[in-house]
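K.L.:
sequence and predicted model, in that order:
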Amino acid sequence: MDNNNNNNKDINNINRNDEDNLARDNILIDNDINNNNNNNNDNNNNNDHLAKSIDENKEQEQVKRRLSFQNLDNHPMNTVSKNQAHNAYTFQAFDQKDVRTGAYPKLSIDLFGTSKEIPQIFQEMKQQISEKRANRPSSPTQYLSTIQSSTTTVQKQQAKSFAETLSLKDIFNQPTPSPSTTSTTPASSTTIGKADNNNAIIQGADVIIPPTKKEISGGEHVPIEMKPMGQTSELGKKEKTAARQKASEYDVNEHELTLEQVAEKFTTNINPIDPSLSGGLTQSLAGELLIRNGKNILKPPKEVPWYIQLGKCFTNFFMILLEVAGALCFLAYGLDTAQRVNLYLACVLYAIVIFTCLLTFSQERQTGNIMKSFKNLLPQSCRVIRDGSETKVKVEDIVVGDIVMCQAGDKVPADIRVITCNGMKVDNSSLTGESDAQSCTVTCTDDNPLETHNLAFCGTLVMDGSARGVVIRTGGNTLIGKIADLASNTEQTETTLQIEIKRFVHFITALGITMGLLFFIVGFAVGIKPIQNLINVLGLIVANVPEGLPSTITACLTVTARRLSKRNVYSKKLESIETLGSITLIASDKTGTLTQNRMTVSHMWYDNTIVRAIENGGTIGRQLFDRTTPTCSALLKVGGCCNRADFDRLLEGNMQRPIENRLILGDASESAILRLCHTIQDIEITRAQNQKVFEIPFNSTNKWQLSIHKLSNDQPQSTARILYMKGAPEIIFEKCSKLMINGKELEIDDKIKSDFIEAYEALGSMGERCLGFAQILLDNENTVPNDMYDAQTLNFPMTGLTFVGLCSLLDPPRENVPFAVHQCKTAGIKVIMVTGDHPITAKAIAKKVGIISSPTAEDIALERGIPLSEVDDSEVKAVVLHGGQIRDLTDADWDRVLSKSEIVFARTSPQQKSQIVENAQKRKEVVAVTGDGVNDSPALKKADIGVAMGIVGSDVAKETADVILLDDNFASIVAGIEEGRIIFDNLKKSIAYTLTHAVPEVAPFLLNIISGIPLAVTSFLILCIDLGTEMAPAISLAYETGEKDIMSRKPRVLGKDHLVTTNLLSYSYLQAGPIEAIISFLNFFLVLAHHGFPPDSLPGTTNNYFFDGCDDYMGFDSAYQVEALRQAQTAYFMTLVMCQFFNLITNKTRVVPLWKHGMRNMYVNVGLVIEAGICAFVVYTPFVHTIIESSSVPGLFWAYPLPMIFCLFSWNEIRKRISFDLDWKISSSLGF
């Protein structure tokens, strides 16, 4: 390694000697390019043409200077680029005339002899190539054979993968553009890139692909969308949202490029023949890129200062209403300081405002840590190759072009393109929704970057194996960075409850101001003194404000939140509880939400029969199949022995748990097979009886795993062995010549092949992943001495095996999910699946849980044998969409898709999930999104209510969500919906109960202004009602259980079914309220009449009598008048409380008669006792009389109102009967 470093330094010295000779030419060319690029910014439509023209001009100039090795040496490029040139093009040096690039058209084997500074590796390559020149290949096939014949087995595979990646069929007649035209600064935003064979324009680390069509599974064609280069003009709100969504798209093509093209793009040293010898970046270049592009960190969004957050709490609509009411009270006290009640009321109002705002502010500060969770996904340090040597650096110091080394247990530090792989598997479930670990490969396996196996993403955990990869994205440009940006910048929408409260506040404000202005005019007309008139109006406005309502709502929501927690639903925001009850659509993730996120053997095929292996709940069924048959025993033995998974025996108590709950170390599929095998026989015994002597682990290139075992410990001297193999069924079956049936080995014929294909397709159609199992006995003559089996020479049989059977694996649905989905549908809620998994798997699970119960258009076409285009869309109720189709959907298409009752979106990206939510919301749906992974976080925040899994959910998902399911059970959502509907009902009851007393509280002010009758109730007594007697009963209604139809109703319609409706206001202000006012006034007048002041003597007395120091009236002095008025006012207060006492009882239900619902809610009963107790305390406590200017009332006046109160109670029960059970014209107007 030191020798290579010295060689690199020597090459650098040669570069510096002649650097000035060509610097001038390069500057001229680059200036021309930059000038063209600047002009090009004014017209993006000419990008392709200009790039092509520039590339051609630059290529012509550079080719002229690079006709020999001397020109190459003299060119002012860095060491990495020189090594890259030597390395990348040695592979083509068999023929001077047939090369794949125009960069060095005269490059030949002879040029390597002209330099003493070539590293040793290239000297060795030169010698190998020289030996092969005499047998120059004449075709791509021979070309590949020539390479493979001179290398080891490992190098053969690398050369084959490399050749396949480069599409060898085109190497002799399809030259690629010159690498010299590629920008040497990948992150530069001012360098126009090149057009490669894929018609992609590379600019730094971004790729812009023109609209083309590519095949996706299922035969659909999905266009690849162009990514905008940037916008400088001012954008409107819609345009900004669209631009932000575009910017968040993860758009790469490095997985489709050759290793040479990747090396050129990022100016790094990659050895295409043996990538393990790649040198990576130089320390100096890495430092330059770090300064230019920034650190590999997730940039946090700009935080809102705490004081602005706090200020927003005080500018909430309800808070503003209370603040204004408090200011009016201060004003009234300033006009008449004798009225101390106004000062007290003002202080109470501001105390309520401050307490509520501080509570809200505290909750918001606790939920603003989304970015911190993303940062926790990143490792602290990693190993990279720089200057050809391995070194350890901080993850934040990684740059594009670095070659990083990953092994089991590591977290991938950035998005990487895999260049070497030794069985590495990564857990992508939190990013892509795939429930199984993904095997990595060097070659591209799919056009979609989220599905190809030669990319590994930042933050994912390496489950097994090791690999090296070149960094292609860092920081905010990584996939997790794009998701973080979406989750952090998604605008938070108001909850449905916040919208309803804002609407109610607007109404109360308008009502209070209107009444105040109206009666100010009336007071002025009847001659009330201006100061007194103003005080009366201020009191009237304040009386309309339900001071206790914010506390009541908060208390009700808190009570419901505690009740929800007992049902394993935790609500982070109190307002979100009501939103649960308003849900019209649930967009559910599949893995870990609808399913158990645990691969399980679902079916087996042996003896030409498919048998079921698990119960409906996902547990292994003990009587579902006969495990004593010879074939079944052989199948389970192959599965248990040819298996690298094992129980974590070091974890305390792990082996005492039920098998399905034990922690297993190993691949998810192998863990599932292990559980099945261990259920039949202790796996430790099985493996002890069949000791493993050799193994080739599974890799995604071979698609099989092989192990060789001793037959039994009973024969220690025997050298006989047995070879077990498992893997992709079609590959395993091709290696077999026999099939085991009932323990006998039969030759495979066309009938057996047909049976195998039929079984394989049947299991695959259920969305299950299949594995094939085979074995072959190695007798003493076929074994290798001392078990020296070799994976390179394959000195054991690889054909002629006996196929034993198939196992299909599935992430099974949670046990109670189907019933929960059915409950949602009964409640009028649409449940759709949004997953990153394969469409076939998604559709199969959707059918199992009841999301899909009708045939799709494809099913109908297949059943009828007609083209898909001939299927009538009106017949189709179910639809399965691939994520690639989403970007092409027009508004009309979205209308059609979302109108279907059964919907599945598969292979969706995080951006597409957000797009689905947004389009559903545009169509007036109240959307709940469930998820557990990082990829779900943008949609969780975008939704009206985000629901995360509490056990398997990532920290990011839990912090983004509004609600967390503590048991990871989808069925708990149904409990949340039920509680949400109950709290909506109970809030309506509580508000109806609270607003009813507004009329009896305002009426005395109105009568005082209009007729001059003394105030029937003082502001102190009103305060005792609003913040005393009413609080406990109003809160106790939150404990009411749901009425019988709560989960059979359709969801309420936003914009129509309001929290405070016209009917509710009609009940409070026009029905119950006026009745209570009349009853209270009657008792008020009875008390005054009892003291010698009949009703007809009261009009016009308010300004001259009934206050301290006034003249005598009707023979009574001022002290007597004041005491009589105080008793009457207290009687009014007492009667109003009595009315509300019975109003609370009848308001326990909106629909069901009280005699059916009963008085089982003990909290309401306690609330009634508290209400009566506070009332008695105010009426009969002497020191309270002094403070609030009240007086004791004779006991007889408790009885007078009872007959009329009973009439109010009876009216309420009759109203329920009319409004909900009878089809009368007035029915709809009487209920609330």
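P.N.:
Looks like it came in fine.

K.L.:
surely Val348 is in a helix?
P.N.:
Yes - counting by DSSP: H, G, I helix; E, B strand; the rest coil, Val348 falls inside a helix.

K.L.:
is it in contact with Gly1028, as I believe?
P.N.:
No - with contact defined as C-beta atoms under 8 Å, Val348 does not reach Gly1028; the gap is 10.9 Å. Bear in mind the C-beta positions are built from the backbone N, C-alpha and C, glycine included.

K.L.:
measure the spatially most central residue of the chain to Leu1015 for me?
P.N.:
With distances taken as C-alpha atoms, centre = their mean, Asp936 lies nearest the centre of the chain, 1.8 Å away. Distance of Asp936 to Leu1015, computed by C-beta to C-beta, to the nearest Å: 59 Å.

K.L.:
then Leu549?
P.N.:
23 Å.

K.L.:
those two: which is more packed in?
P.N.:
A side-by-side neighbour count of Leu549 and Leu1015, using other C-beta atoms under 10 Å, places Leu549 first with 25 against 20.

K.L.:
give me the element the residue lying closest to that one once chain neighbours are set aside is part of.
P.N.:
Spatial nearest neighbour of Leu549, chain neighbours left out: Thr994 (5.9 Å); criterion: C-beta to C-beta, 6 or more residues apart in numbering. Per DSSP states H and E: Thr994 is located in helix 971-996.

K.L.:
check which helix or strand Gln1155 maps to.
P.N.:
Gln isn't right for residue 1155; it's Trp. helix 1154-1157.

K.L.:
please identify the buried residues of the next helix-or-strand element following that helix?
P.N.:
Counting by DSSP H and E, the element after helix 1154-1157 in chain order, helix or strand, is helix 1162-1180. The neighbour-count check on helix 1162-1180 (16 or more other C-beta atoms under 10 Å) flags 1163-1164, 1167-1168, 1170-1171, 1174-1175, 1178-1179 as buried.

K.L.:
one more: stretch 757-770?
P.N.:
759-760, 763-764, 766-770.

K.L.:
from those, which is closest to Glu1040?
P.N.:
Minimum separation from Glu1040 among the buried residues of stretch 757-770 (C-beta to C-beta) is found for Gly767, which lies at 43.8 Å.

K.L.:
where's that closest one relative to Val904, distance?
P.N.:
In terms of C-beta to C-beta, Gly767 sits 11 Å off from Val904.

K.L.:
re the thing from before, how far away from the center of its chain is the helix holding Thr994?
P.N.:
Relative to its chain's centre, helix 971-996 lies at 27 Å (C-alpha atoms, centre = their mean, to the nearest Å).

K.L.:
let me have the buried residues of stretch 757-770 in a markdown table, adding secondary structure, pLDDT and distance to Glu747 as columns.
P.N.:
Below are the buried residues of stretch 757-770 laid out as a markdown table (DSSP: H, G, I helix; E, B strand; the rest coil; pLDDT from 0 to 100; distance: C-beta to C-beta, whole Å):
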| residue | secondary structure | pLDDT | distance to Glu747 |
| --- | --- | --- | --- |
| Ala759 | helix | 93 | 18 |
| Tyr760 | helix | 92 | 19 |
| Leu763 | helix | 89 | 24 |
| Gly764 | helix | 85 | 26 |
| Met766 | coil | 83 | 30 |
| Gly767 | coil | 80 | 33 |
| Glu768 | coil | 86 | 28 |
| Arg769 | strand | 86 | 29 |
| Cys770 | strand | 92 | 23 |
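
K.L.:
so can I have CSV of those residues showing distance to Ser602?
P.N.:
Shown next, in CSV, are the buried residues of stretch 757-770 (distance: C-beta to C-beta, whole Å):
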residue, distance to Ser602
Ala759, 13
Tyr760, 14
Leu763, 8
Gly764, 12
Met766, 8
Gly767, 10
Glu768, 5
Arg769, 9
Cys770, 10
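
K.L.:
which one among the residues you listed gets closest to Leu806?
P.N.:
So of the buried residues of stretch 757-770, ranked by how close each gets to Leu806 (C-beta to C-beta), first place is Cys770, at 5.4 Å.

K.L.:
am I right that that closest one is in contact with Gly764?
P.N.:
Yes - counting by C-beta under 8 Å, Cys770 does reach Gly764; the two are 6.3 Å apart.

K.L.:
for those two, list the residues in contact with both.
P.N.:
Taking C-beta atoms under 8 Å, 6 or more residues apart in numbering as the criterion, Cys770 and Gly764 both touch Ser808.
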